[in-house]
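**Q** Got a sequence here, can you build the structure:
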Amino acid sequence: MADELQRRVRLAQMAELYYHQRWTQSAIAERFGLSTMQISRLLREAQQSGVVEFRIHHPLPVDQEAARELQRRFGLKSVLAVRSSRPEQVKADVASAGAHHVVALLEPGRTLAVAWSSTLALLAQALPYQPVEGLEVVQMLGALSPSADQYNPYDALVRIGAQLGARMHPLHAPTVLQSKAARDALVDDPAVKDVLDMARAADYALCGIGTAGDDSTFYRMGYLSRAELDALRAQGVVGDVLGRFIDGDGRPVPWTHAETLVSLDLGELKRIPQVIAVAAGPSKVQPVLGALRGGYLSHLITDAETVRRLLEIGDPLAVR
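**A** This is a model prediction of the structure:
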């Protein structure tokens, strides 16, 4: 069942590129690592199986029109706008649909760098067992202490690696150290440096987007005091990507532990060819918009209501 759904998701992606975005079959073939003849056959299969009629029927519960408009406005490679009628379950709904979308994006023989967030953890749990030949999965953000948070990047790495049949490369380091000197010494250790270098050279990155509200992970973990969090908000901070706080235009804003984080920085993230972000719910609208304006994302997986809000308030001219 999972294999059939995954195949239909892939057919829908190819059909969207061909019929809506006017890609050539040769360009689609290059994108998916297939021959032009194979793409032609798969497009015929998409029609014969009912994925394509006069319009594309996506097998997942999504708002295709809103997704395409946001994709066009911000120059993204894909947007998945998941419909959810259950506010209390929006993260789970986005994670469930997003898991199939992520698998359909991955190509054999590539490297996927992963971070963490509550929605990313749910997505990892929802991944179908779908081995991707030659895939490497590497951790790009240090681990949390076992008692600090239930959403640990190491746990996400193991689950994703297991479901995708990938070789795993954990980062044996905490997220935050006590001093810059301690951080610099740790990232110079070959065991840590090699993993971070591998993450920097990844083909894909999968990350969440944090908030600057009371649900901020760093505030809940005690790395930020109430006064520090309020001061960041006063500077226009809307959220964080990989622990790097950003303002509404996506500009990095320094914070107490900015120089003691064990993670890729935003410049390094931008150099990864395909960055897949997963985030859902009303509190993520402003952080996602900041990440879009900063140009950090290639693919966005979120809920349809968040996409509609982004279309209402998002200024494409602000994208950097």
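
**Q** what's the following helix or strand after the helix or strand harbouring Gln125?
**A** Here Gln125 sits within helix 118-126, counting by DSSP states H and E. Counting by DSSP H and E, the element after helix 118-126 in chain order, helix or strand, is strand 136-139.

**Q** so who does the residue positioned nearest the centre of the chain touch?
**A** Closest to where the C-alpha atoms of the chain average out (CA atoms, centre = their mean) is Ala277, at 2.1 Å. Ala277 makes contact with Cys207, Gly208, Ile209, Val241, Val288, Ala291, Tyr296, Leu297, His299, Leu300, Ile301, according to CB atoms under 8 Å, 6 or more residues apart in numbering. C-beta here means a position set from N, CA and C on the backbone, and glycine is covered the same way.

**Q** I'd like to know the phi and psi angles of the first one, please.
**A** Backbone geometry at Cys207, expressed as degrees, to the nearest 10, gives phi -140, psi 170.

**Q** What's the local residue count around it?
**A** 28 (other CB atoms under 10 Å).

**Q** List of residues touching the helix holding Gln125?
**A** Here helix 118-126 makes contact (CB under 8 Å, 6+ apart) with 91-92, 94-96, 98-99, 102, 114, 150-151, 155-156, 159-160, 163, 206-208, 278-280, 301.

**Q** quick revisit: give me the three-state assignment for the nearest residue to the residue nearest to the centre of the chain once chain neighbours are set aside.
**A** Computed as CB to CB, 6 or more residues apart in numbering, the closest residue to Ala277 that is not its neighbour in sequence is Leu297, at 4.9 Å. Under DSSP: H, G, I helix; E, B strand; the rest coil, the three-state class of Leu297 is coil.

**Q** ok, now which ones touch Leu297?
**A** Going by CB under 8 Å, 6+ apart, Leu297 touches Phe74, Leu76, Val275, Ile276, Ala277, Ala291.

**Q** rerun at 10 Å
**A** Counting by CB atoms under 10 Å, 6 or more residues apart in numbering, Leu297 touches 74-77, 79, 205, 207, 209, 241, 250, 269-270, 274-277, 279, 288, 291.

**Q** ChimeraX command to pick out the buried ones of these?
**A** Of the contacts of Leu297, the buried ones go into a single ChimeraX selection, burial set by 16 or more other CB atoms under 10 Å:
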select :74,76,77,79,205,207,209,241,250,269,274,275,276,277,279,288,291
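
**Q** Now do the helices in this structure.
**A** Along the chain, counting by DSSP state H, helices occupy 2-15, 25-32, 36-48, 64-74, 90-105, 118-126, 153-164, 180-187, 190-200, 217-220, 226-234, 266-270, 285-293, 304-313.
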